[in-house]
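Q: Take a look and give me a structure for this.
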Amino acid sequence: MLRAAGYRVEIAHDGESALEQLASAAPDLVLCDFRMPGMSGADLLLQVKERAPHVARILMSGYAGSWSSSPVAQAEADEFIAKPWNDVELLATVARVLAKGTDDPR
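A: Residues are numbered from 1 along each chain as shown. Now for the predicted structure:
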């Protein structure tokens, strides 16, 4: 869906792979799940923020309570998307977060 909307998409299957790609791919946005193998999405976003603070961060979860009770996730995610998501809303959120990044140098 994101590719069809014109975004370049790189996929990592866990947090460590995502961090490896962060160094070489220079993404504008990291979109991840809260629950992942190896490390939580909140932990990944914390490391993304430390290593590349200009990169926008969106956290997804089917467990809204997990996200809302995690101060790390709240502090590190620019936006939260509940799963299952609505495609139109997801695309609008991605566009909004990316547009904010161009206005806000963080």
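Q: Now do the helices in the protein.
A: 15-25, 41-51, 64-68, 71-76, 87-103 (DSSP state H).
Q: By mean pLDDT, show me the worst of the ones you listed.
A: Mean pLDDT values for those show the minimum at helix 64-68, a mean of 56.
Q: about what we covered before: just say which of the helices of the chain is most tucked in.
A: The highest mean neighbour count among these, using mean count of other C-beta atoms under 10 Å, belongs to helix 41-51: a mean of 20. Every C-beta, even on glycine, is put in place using the N, C-alpha and C of the backbone.
Q: who does that helix touch, helix- and strand-wise?
A: Under the contact definition 3 or more C-beta pairs under 8 Å, 6 or more residues apart in numbering; DSSP states H and E, helix 41-51 sits against helix 15-25, strand 29-33, strand 56-61, helix 71-76.
Q: Need the CA coordinates for the first one. PDB is fine.
A: Coordinates of each C-alpha in helix 15-25 appear next as PDB, following Å, rounded to 0.1, in the frame of the first residue of the first chain:
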ATOM      1  CA  GLY A  15      14.600  -4.300  15.600                       C
ATOM      2  CA  GLU A  16      18.300  -5.200  15.100                       C
ATOM      3  CA  SER A  17      17.800  -5.500  11.300                       C
ATOM      4  CA  ALA A  18      16.000  -2.100  11.300                       C
ATOM      5  CA  LEU A  19      18.900  -0.500  13.200                       C
ATOM      6  CA  GLU A  20      21.400  -1.900  10.700                       C
ATOM      7  CA  GLN A  21      19.300  -0.500   7.800                       C
ATOM      8  CA  LEU A  22      19.000   2.800   9.500                       C
ATOM      9  CA  ALA A  23      22.700   3.500   9.000                       C
ATOM     10  CA  SER A  24      22.600   2.800   5.300                       C
ATOM     11  CA  ALA A  25      19.100   3.500   4.100                       C
END
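Q: Now find how far off-centre it is within its chain.
A: 13 Å (C-alpha atoms, centre = their mean, to the nearest Å).
Q: and the direction of it versus that of strand 29-33, what angle?
A: 170 degrees (axes from the mean of the first three to the mean of the last three C-alpha atoms, to 10 degrees).
Q: Tell me which residues are up against helix 15-25.
A: The set of residues external to helix 15-25 that reach it, using C-beta atoms under 8 Å, 6 or more residues apart in numbering, is 10, 12, 27, 30, 32, 36-41, 43-44, 47-48, 51-52, 55.
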